[in-house]
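K.L.:
Using only what follows, build the 3D model:
(one chain, ligands or ions: 1)
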Amino acid sequence: MLFLSRREGLKDFATRFKPFRRMTERFVAGEDIRTAVAAIRELNARGCTATFDHLNEGVTSPAETEGEVREYKRVLAAIDETGIRSNVSIKLTQFGLAFDPELAYRNARAIVEEAARRGNFVRVDMEDSQVTQVTLDIFRRLRGEFDLNTVGIVLQSYLRRTETDVQAVLSIPARVRLCKGAYNEPPEVAFPDKRDVDENYVRCMKLLLKSGVYHGIATHDENMIRATKEFAEREGVGKEKFEFQMLYGVRRDLQERLAREGYNVRVYVPYGKTWYPYFMRRLAERPANVWFVMKNFFKG
Ligand SMILES: Cc1cc2nc3c(=O)[nH]c(=O)nc-3n(C[C@H](O)[C@H](O)[C@H](O)COP(=O)(O)OP(=O)(O)OC[C@H]3O[C@@H](n4cnc5c(N)ncnc54)[C@H](O)[C@@H]3O)c2cc1C
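P.N.:
Now for the predicted structure:
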């Protein structure tokens, strides 16, 4: 699935093929801001906050990156206009990281500046390990210019380097979203064994929660969630001091349960026309999702 997520031909086919597009609705909140706002209203009504993600990982020219900046400015304006409770998540490749890191920094800065003006928050997503260092470098520059509650970063527990990165980022300090990691990585850089990824997740979670900074614990794994709740309780870290984060369409029951228990829950809401790589990564995470798609495919 991760291999297929990078196949251009399949992407074109899937994007044009109506039945396939319909099946993405479980994980993708439509193709434009309007539909994403509607999805977020529903989440807010269920006691969850949200974060927007405009899907467009295939940006290849400076002109396209400008389009992304405009889109995110429209999103930040829409949040203010509609009063929904949401912030935004950005991917630096969307802003030109692959061909001009300086351009990616300038574009990301424009979004962070707009968020600062509006009192909102930008989370810089983490992509594959080839861009981990440059993403962290750009984040540090942004964090040097904007405050703790305006820009934050993501770290992935499957990477061997992450515990060190957590410590380095906390010394700034900075707000972190901790996730396991969604890309196909070689064993030299990432733990191949799920048990190691999970152990590292718990180690990093503890460092984050102890820091006193507001972090996002992003996972649907009930073991990780239980470990977080227990640690927070033991250390006297109140429910208002961190948030759980989950993906749109994944474990809705768990999202609602945690919100009912009084935890802050934020849902990552992707929308946009280029949903293909994101959608394929979600299928890759869980074989049952492939059956879900196949079943719907044959139902028409
Ligand atoms: C809010 C948020 C933001 C994220 N941002 C990033 C990022 O910036 N960079 C990055 O690399 N990754 C990101 N991810 C993805 C993350 O790295 C994992 O790939 C993904 O969350 C699955 O890991 P898990 O912690 O849920 O644990 P897993 O061990 O993968 O899954 C635990 C259980 O969760 C459920 N589950 C997990 N995934 C799915 C799914 N797709 N469909 C249905 N059920 C599922 C299943 O019940 C599964 O048994 C993000 C995840 C979240 C929740």
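
K.L.:
For residue 59, give its distance to residue 128.
P.N.:
Taking Cβ to Cβ, to the nearest Å as the measure, residue 59 and residue 128 are separated by 15 Å. Where you see a C-beta, it was placed from the backbone N, CA and C, and this is true even at glycine.

K.L.:
Counting neighbours, go ahead and name the busier of those two.
P.N.:
residue 59 (22 against 16; other Cβ atoms under 10 Å).

K.L.:
Enumerate the residues of the chain near the ligand.
P.N.:
125-126, 154, 156, 179-183, 218-221, 245-247, 250-251, 268, 282, 285-286, 289 (Cβ under 6 Å from any ligand atom).

K.L.:
Show me the contact partners of the longest strand along the chain.
P.N.:
The single longest strand within the chain, with elements called by DSSP state E, is strand 264-271. Residues from elsewhere that reach strand 264-271 (Cβ atoms under 8 Å, 6 or more residues apart in numbering): 27-33, 35-36, 39-40, 43, 47-55, 86, 89, 216, 218, 239-240, 242-248, 255, 258-259, 278.

K.L.:
Determine the next helix or strand in the C-terminal direction from the one helix or strand residue 206 maps to.
P.N.:
Mapping residue 206 onto the secondary structure by DSSP states H and E places it in helix 194-210. As assigned by DSSP H and E, the chain's next helix or strand after helix 194-210 is strand 215-218.

K.L.:
Name the residues that touch that following strand?
P.N.:
123, 152, 154, 175-179, 205, 208-209, 224-225, 228, 242-246, 266, 268.

K.L.:
related to what we said a few turns ago, so which elements touch the helix holding residue 206?
P.N.:
helix 162-170, strand 175-179, strand 215-218, helix 222-235 (3 or more Cβ pairs under 8 Å, 6 or more residues apart in numbering; DSSP states H and E).

K.L.:
what's the angle between the longest strand of the chain and strand 175-179?
P.N.:
Per axes from the mean of the first three to the mean of the last three Cα atoms, to 10 degrees, the angle that strand 264-271 makes with strand 175-179 is 70 degrees.

K.L.:
Send me strand 264-271 as CSV with only the CA atoms.
P.N.:
C-alpha atoms of strand 264-271 as CSV (Å, rounded to 0.1, in the frame of the first residue of the first chain):
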residue,chain,number,x,y,z
ASN,A,264,-9.3,17.1,25.3
VAL,A,265,-9.6,15.4,21.9
ARG,A,266,-8.5,16.8,18.6
VAL,A,267,-9.3,15.2,15.3
TYR,A,268,-7.1,15.6,12.2
VAL,A,269,-9.4,16.5,9.3
PRO,A,270,-7.9,16.1,5.8
TYR,A,271,-9.7,17.5,2.8
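
K.L.:
Could you tell me the angle between the next helix or strand after it and strand 264-271?
P.N.:
Using DSSP H and E, the helix or strand that follows strand 264-271 in sequence is helix 276-285. With the same axes, to 10 degrees applied, the angle from helix 276-285 to strand 264-271 works out at 130 degrees.

K.L.:
Going forward, the N-terminal residue is numbered 4.
P.N.:
Sure, I'll start numbering at 4, so the last one becomes helix 279-288.
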